[in-house]
Structure formats: structure tokens, C-alpha cells
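S.K.: give me the fold of what follows.
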Amino acid sequence: MKKAKGEYTSSDSDSVDRISELPKDILHRVMYFLTQEEAVRTSVLSKPWRYIWCTRPVLSFSDAAFKGNDDEFIRVIDTSLKRYYDQKLCVDEFHLRISKGYLNHQSYYILEKWIRTLAFLGMKKFRLSNRMEDGLIHYLPPVVFEARSLEDLYVEIRTSLSSADGEKEYERIVYSKHLKKLHVKKVNTEDEVFRKAISGFPFVAIETMSLDSCIGLRNVNITNLRNLKNFSFVTKPSVNDEERCSIEIHPPSLETVKITHGNLRFDRGADFRNLNELYLFGVKSKLDHLSSCKFPSLKELAMYYCYELKEIKLFIDAPNIVHFRYLGDFIPSVSFATTSSREWRSQIHLRSNSGASSLWFKKLRELLESLSESKIVLLIFENSTNNEGVIQNIVGCEKPVVVERLGFPIHSSSNFSSLLNGVFSICRPRNVGPYNFRKEINDIKCIRNILLRRESGNQLDQFSEAWFRDLKEVSLEIYDKNRKKWNATSVSELPNYEETEYNYIRFVLKWR
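M.R.: Just a heads-up that it's a prediction; the model follows:
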């Protein structure tokens, strides 16, 4: 017999109860994937769910929720850990966020007690952060690094590992043999202390290491971490190159390397067989060694403000490259070996305050030619207004390179016209833009007037005439955010589009 629509039967209740009657460890596993707020809401589902959230395997505490009541903050954590300890429950993750200076001599021992309890409870992931910019050095007990079950450790706190007493304590640490991820931020240390610290890492475990804004490091040697897959180093730029940290790596195991304002060291012809992503920002060390290496797995390469590229011609042997990005105020000499990728992308972002000379355009064309197997995005931020007459030596010199997208801001109509002549003399962009059609409507009209100059009956100069001969058609497209596609439109139709659905337009160029 069929059940009437909307009719409630005992079988419905039974199906709900089957979930509620699952073993507690399975219910805890469900809680693991919920936020604290979502977990609390489950208490209204049924009686078995009422207190499950109180013993979920992820604990997260922030002093901001206690509005300055320090004693209550400490009491709640003490009570929570005691509950888990008494019931012999596991804590997989523990997150502690502190926004004021709790980590003094007194709280040092409280934190040490908590961590020892968490180690007993099988903690696998520990995140400790203190974002208080009070200028003080806080105290961090070495036991933070010792929990034997620990797999993932994140420490963001302005602390020091360099005092005489502290150094001895950290030398005695027996690191978790399961530790796979280590993220350290805002730690004050010294080379020798850091060297001794990582020399204690079990070679078979650590796979990810991130050093972020750590003060005092001048030399980082991680060649002993033979299974390290992901390494990241970030610090503020240094005026004095001698203060810049030198980083020596062991390439074979590495899959991702990200260096910001550090110097990268490796042997000529080093083995980068597994490297998938290389990100270099503000690296001043010589990078010509890259030309002697093979990168069979490299897919992402980013080079931002690497000024040593000025002095070299860089060749990258990366047959599986997918995306190359460059940002700088000069044009580098970079080329790639023949790739096996059917389609790869390159993005060139150039900033220049000194003006675009004929030599500048020639170098740019050489770079575009070396990247011509890829889909090229060319972004130019050229702030000089003195570009008139710079292209007479480059017009018609060589065949223009096809560029997928061209983008640049407009400072003045006369300057833009000259810059456009220079760019169109070396490349043939399929698209120009995109531009915000509400905020940049004047720029859009300026580009339209230049591209459609012939149709308006205006006389062309000799440089515009050179590329206008090849320009077959100009059209306008607008981006539909909801459907994520470009649609044909016109300038007169732009006021009809809703801002919530449409923001950007681009010019589509077809060349002969």
C-alpha cells in the first residue's frame, strides 16, 4: 500500500534513529568536518546528539570571545581538556588564538600543561597564533614541538629561540616522528639555533615547511630534509643585501618552492625531477643555474621583481609547463624548450616609468616571440607621456606576434595612441581589455575612437596606417557574470546592463 503524500510513519522515525544510533566514534567523525557553530546546532536534532558536540575531536578557542575575562578563558580550556581526559577521548586538532599578551612567565606553565594533556589525547594538528603587535617577546615552551602524535604544527607568535637558556631547551627537544607539516611565523632566532633545531627532525617525516617573517635568519640549509616536498620562505625586503637570507635546498624531493625576498642556492645541474611549482619574488641571487637544470614536472613558474634576470639569458627546460608569469620593470630574456603541453599560458606584466623606447619595444618583441607557443597575456603599465616617435625604427621590421589579451591603462589620449602604435607594431592582440564599463567608460571611448578611426573618416598617421592595414574587424563584448561567458554588445547598449550581472567589457580584434 502506497503511503499518502505528507503522511508520517514509524519507518521515517526509524530511519532518523539509525543515524542517531551510530557508534559515538562515527558521530565524532561527522563533527570533525563541522565548524564549532554548526556542531552546537546539532544538539537539537535528537537526544543522542545533545552532548556529542561537547566532545568533538576539534577544539578551537579564542580569547576574543571572552571579552577580556582572562580567568574565564583559562577555566573553560581547563574544563574542556579535563572532560576529554576523563572520558579518554581523542583531540585531533587544537586551535588557540590569542589577541593579547597572555604568553608571559606565568602563562608559560599553563600552556605547557595544556600541551602535555593534548599530547596524551593524541593531538595531530596544533595551531597557536598571537597576533598582538605589542613589541614584546613572548615565551613559548619547547614542549609545543614535542607532542609525539603531532603531524601538523602552526605557530604564529613573536617569540625567541635564541637566548642561552632557550637554546639549551630547544637542543633537548625530541621532535615528533610523525611531524609532516611545520609553519613557523614571527619567530626570532639565529642560524645556529635553527640549524640545531631542524637537525633533530626525523628525515622520514617532514614534508611541508613554511618560514614566515622569522627575524634573525641569514642562512637556511634544509638539504638534510630528504623528504621535504613543499617549502616556503617569506620575509620583508632588506635594504642591505648582506642581511638577505640565503636558502640552500635539496631539489630531488621538492614539489613546491616559494621564496619571497630570500636568495635561493642550489648546485648547477641540480635534479628538480619532482618540482611542480616555482615562485620567486624579489630574489636577488644569480638565477643562471636554472638554465643548466631540467624540470620534467614543472607546471607553474612565477618570477616577480627578480632583478638578476637583467644580466642573463635564461633558458627553461620544462616540457610540461602550463603557466609562466613575469612581473617587473624591465624586459627579461627568457625562453623555453619545446613543450609537450597542448596549450600553456604566459602572463607578462610590465611596469615602466622611464618611457617606452624603440629598443624597449624590440626587446618586448623578442620576449613575445620566445613565448609564441603559449597563449600570451600582455599587461603594460607605462607611466611616461613621452612616447612620440619611438616606433619609427621598429615598424615593419619583423612579423608581429599573436597575443591572446592586451591590457593597459590610459593616462592621456595622445600618449595612449603612441603606445598603442608601438604595441601593435610588434604584436596582434585578439582581445584588448577587460575594462570596467562603469568606472572606465572614458577609457573605453578613447580606445574605441582610436580603433575605429578609419571608419570615422579621420586621417591616419603613417604608424597607425601600418597596423590598420591588417585590422579586419573590431567588435565589443560584455561579460555575463552569472553565465560566465562573453556576449556581443555595443557602446550604445552599455547603459542598459545591470551592474549586478555585468561589469566588464573587452574589444575583440580580428586580423588579416
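S.K.: give the bridge partners for S346, please.
M.R.: Taking DSSP bridges, one obtains F324, I376 as the residues bridged to S346.
S.K.: helix, strand, or coil at L309?
M.R.: Assigned with DSSP: H, G, I helix; E, B strand; the rest coil, L309 falls in the helix class.
S.K.: so where is the stretch 401-512 of the chain shaky, pLDDT-wise?
M.R.: For the stretch 401-512 of the chain, residues meeting the criterion pLDDT under 70 lie at 410-415, 453-463.
S.K.: mind listing the strands for it?
M.R.: Per DSSP state E, counting those that start in this stretch, the stretch 401-512 of the chain carries strands over the ranges 401-407, 427-436, 471-480, 485-489, 502-511.
S.K.: distance to K362 and mean neighbour count added to these, as a markdown table?
M.R.: In this view, the C-beta of every residue, glycine as well, is placed from N, C-alpha and C. Below are the strands of the stretch 401-512 of the chain laid out as a markdown table (distance: least, C-beta to C-beta, whole Å; neighbours: other C-beta atoms under 10 Å):
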| stretch | distance to K362 | mean neighbour count |
| --- | --- | --- |
| strand 401-407 | 12 | 18 |
| strand 427-436 | 12 | 20 |
| strand 471-480 | 22 | 16 |
| strand 485-489 | 33 | 13 |
| strand 502-511 | 21 | 18 |
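S.K.: CSV for these, including distance to I450?
M.R.: Output for the strands of the stretch 401-512 of the chain, formatted as CSV (distance: least, C-beta to C-beta, whole Å):
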stretch, distance to I450
strand 401-407, 13
strand 427-436, 10
strand 471-480, 10
strand 485-489, 19
strand 502-511, 10
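S.K.: out of those strands, which comes closest to D78?
M.R.: strand 502-511 (51.8 Å; C-beta to C-beta).
S.K.: relative to strand 471-480, how tilted is that closest one?
M.R.: Calculated by axes from the mean of the first three to the mean of the last three C-alpha atoms, to 10 degrees, strand 502-511 forms an angle of 160 degrees with strand 471-480.
S.K.: now do strand 502-511: distance to the chain's middle.
M.R.: Computed by C-alpha atoms, centre = their mean, to the nearest Å, the chain-centroid distance of strand 502-511 equals 28 Å.
S.K.: partner strands of that strand and their direction?
M.R.: Counting by DSSP bridges, strand 502-511 is paired with strand 427-436 (antiparallel), strand 471-480 (antiparallel).
S.K.: nearest to R268, of those?
M.R.: Per C-beta to C-beta, nearest to R268 of the strands paired with strand 502-511: strand 427-436, 34.8 Å.
S.K.: still on that earlier bit, got JSON lines for the strands paired with strand 502-511, with distance to R218 too?
M.R.: Listed next are these as JSON lines, based on distance: least, C-beta to C-beta, whole Å:
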{"stretch": "strand 427-436", "distance to R218": "44"}
{"stretch": "strand 471-480", "distance to R218": "48"}
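S.K.: of all these, which lies closest to L494?
M.R.: Of all those, strand 471-480 comes closest under C-beta to C-beta, at 7.4 Å.
S.K.: ranges for the helices of the stretch 301-450 of the chain?
M.R.: Along the stretch 301-450 of the chain, counting by DSSP state H, counting those that start in this stretch, helices occupy 358-370, 413-424, 441-451.
S.K.: can you list the residue ranges for strands in the stretch 201-350 of the chain?
M.R.: Going by DSSP E, counting those that start in this stretch, the stretch 201-350 of the chain shows strands at 208-212, 219-221, 230-234, 246-248, 256-260, 263-265, 277-281, 300-304, 313-316, 323-328, 333-336, 345-352.
S.K.: can I get those strands in TSV including mean neighbour count?
M.R.: Formatted as TSV, the strands of the stretch 201-350 of the chain follow (neighbours: other C-beta atoms under 10 Å):
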stretch	mean neighbour count
strand 208-212	19
strand 219-221	18
strand 230-234	19
strand 246-248	17
strand 256-260	20
strand 263-265	19
strand 277-281	19
strand 300-304	19
strand 313-316	16
strand 323-328	18
strand 333-336	18
strand 345-352	19
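S.K.: sounds good, over and out.
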